[in-house]
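A.B. asks: Got a predicted model here, sequence first, then my questions.
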Amino acid sequence: MSASTSPSPIPLNPIETLNDPHWKRAMTEEFHALIKNGTWELLPRTPDMHVIRSMWIFKHKFHSNCSFDRYKTRLVGDGRSQQVGIDCTKTFSPMVKPSTIRRVLSLALRHSWSIRQLDVKNAFLYGNLSETVYMHQPSEFSMTDLGNLSHFLVVAVSHTPNLFLNQSTYAMDILERADMLYCKPSKTPFGGSFAISNIYRPDISYAVQQICLHMHALHDGHMGALKRILRYVKGTIDYDIHLNKSASRNLVSYTDPDWAGCLDTRRCTSGYCVYLGDNLISWSSKRQPTISLSLSLSLSLARSSAEAEYRGVSNDVSESC
């Protein structure tokens, strides 16, 4: 496919899929990879089996410069027909925390490790199971070496040789979807559903947290605040998270709450940030779950959240050093 050719649209039904040679080829490759890895074992159906449907997931994959890469398909179980207590007792989402990515990058800089990225096909992620499961790890994965780390999870990475993490492309996509690509920029976010906030934009973490409290019942005032945040994103679209090769190995956490700052619930809002050396790797700003009767209790709740994150970061760092 040439760079000027638009990719085939994501299919909406099986007929569209089978009639498109690009998607049909991607499905065939995915199916053969699953067979090669011995993903499943065929068994005769018995009356006590609760059988769920299978379904295909289709997605376009793009390069870091937003040019089309390939057609991506996944064969998955349709969890909508599962029954709690019969098919499962809990669900999980095997997603890495953004703060974990930042601490790994920070450690890589300090130790002068080479940072490369790989595209792994048919990687299987499992949660902790209470049952005993016997399985062989697949003998091999189909893997593509993409060279030095340059793009991951809608984040662009620049090497200088320090690292700059930027979400300008993703921010432009959000602005375009909100029909605010040419809006007037704002100098401040307050006067944010957007994943751009708490992941790589700590400067709007508090503003987005405040608007997300009302995301299920937005009114005109909330929409105005949301647009204000987007205007601020437009004016700061080139802001980066900077990770440098810090000589310090100290892990430092800061936290602070207000007291009864929410006029509607009288709850406190607390925040924390965690530094590994000179690098900011984790932060949070959110309303406390209960009403604090005193400032000292508010401080205690804020400290508890910060300590939990600090312990998590400390364990990861100690395993990597």
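C.D. replies: Thanks, I have it. Numbering: from 1, shown residues only.
A.B. asks: quick one, helices of the stretch 51-200 of the chain?
C.D. replies: Applying DSSP state H, counting those that start in this stretch to the stretch 51-200 of the chain gives helices spanning 98-110, 168-177, 196-200.
A.B. asks: just how off-centre is the longest one within its chain?
C.D. replies: The offset between the C-alpha centroid of helix 98-110 and the centroid of the whole chain comes to 15 Å, using CA atoms, centre = their mean, to the nearest Å.
A.B. asks: Report the buried residues of that helix.
C.D. replies: Residues Pro98, Ser99, Ile101, Arg102, Arg103, Val104, Leu105, Ser106, Leu107, Ala108, Leu109, Arg110 are the ones in helix 98-110 that count as buried (16 or more other CB atoms under 10 Å). Where C-beta positions appear, they are placed from N, C-alpha and C, glycine not excepted.
A.B. asks: ok, so of those residues, who is nearest Arg116?
C.D. replies: Ala108 (10.2 Å; CB to CB).
A.B. asks: Who are the contact partners of the closest one?
C.D. replies: Listed by CB atoms under 8 Å, 6 or more residues apart in numbering, the contact set of Ala108 reads Ile115.
A.B. asks: thinking again about what came up before, tell me which of the helices of the stretch 51-200 of the chain approaches Ile281 most closely.
C.D. replies: helix 98-110 (4.1 Å).
A.B. asks: measure Val252 to Tyr275 for me?
C.D. replies: 5 Å (CB to CB, to the nearest Å).
A.B. asks: Can you pick out the residue with more neighbours from those two?
C.D. replies: Between Val252 and Tyr275, counted using other CB atoms under 10 Å, the more crowded position is Tyr275 (19 against 12).
A.B. asks: so the more buried one sits in a helix?
C.D. replies: No. Applying DSSP: H, G, I helix; E, B strand; the rest coil, one finds Tyr275 to be strand, outside a helix.
A.B. asks: contacting residues around it?
C.D. replies: Asn250, Leu251, Val252, Ser253, Tyr254, Ile281.
A.B. asks: Would you mind naming the residues that bridge with the fifth one?
C.D. replies: Yep, that's Tyr254 we're talking about. In this entry, Tyr254 is beta-bridged to Cys273, by DSSP bridges.
A.B. asks: ok, it - contacts?
C.D. replies: Tyr272, Cys273, Val274, Tyr275, Ala306.
A.B. asks: Flag the shaky bits of the stretch 1-150 of the chain, pLDDT-wise.
C.D. replies: 1-4, 79, 81-94, 121-140, 142-144 (pLDDT under 70).
A.B. asks: ditto for the stretch 201-321 of the chain
C.D. replies: For the stretch 201-321 of the chain (pLDDT under 70), the answer is 319-321.
A.B. asks: Helices of that one, start to end?
C.D. replies: Assigned by DSSP H, counting those that start in this stretch, the stretch 201-321 of the chain shows helices spanning 205-212, 220-235, 295-320.
A.B. asks: Please identify the most buried of the ones you listed.
C.D. replies: The highest mean neighbour count among the helices of the stretch 201-321 of the chain, using mean count of other CB atoms under 10 Å, belongs to helix 205-212: a mean of 20.
A.B. asks: circling back to that earlier point, which one of the buried residues of helix 98-110 sits closest to Arg228?
C.D. replies: Comparing these against Arg228 with CB to CB places Pro98 closest, at 24.0 Å.
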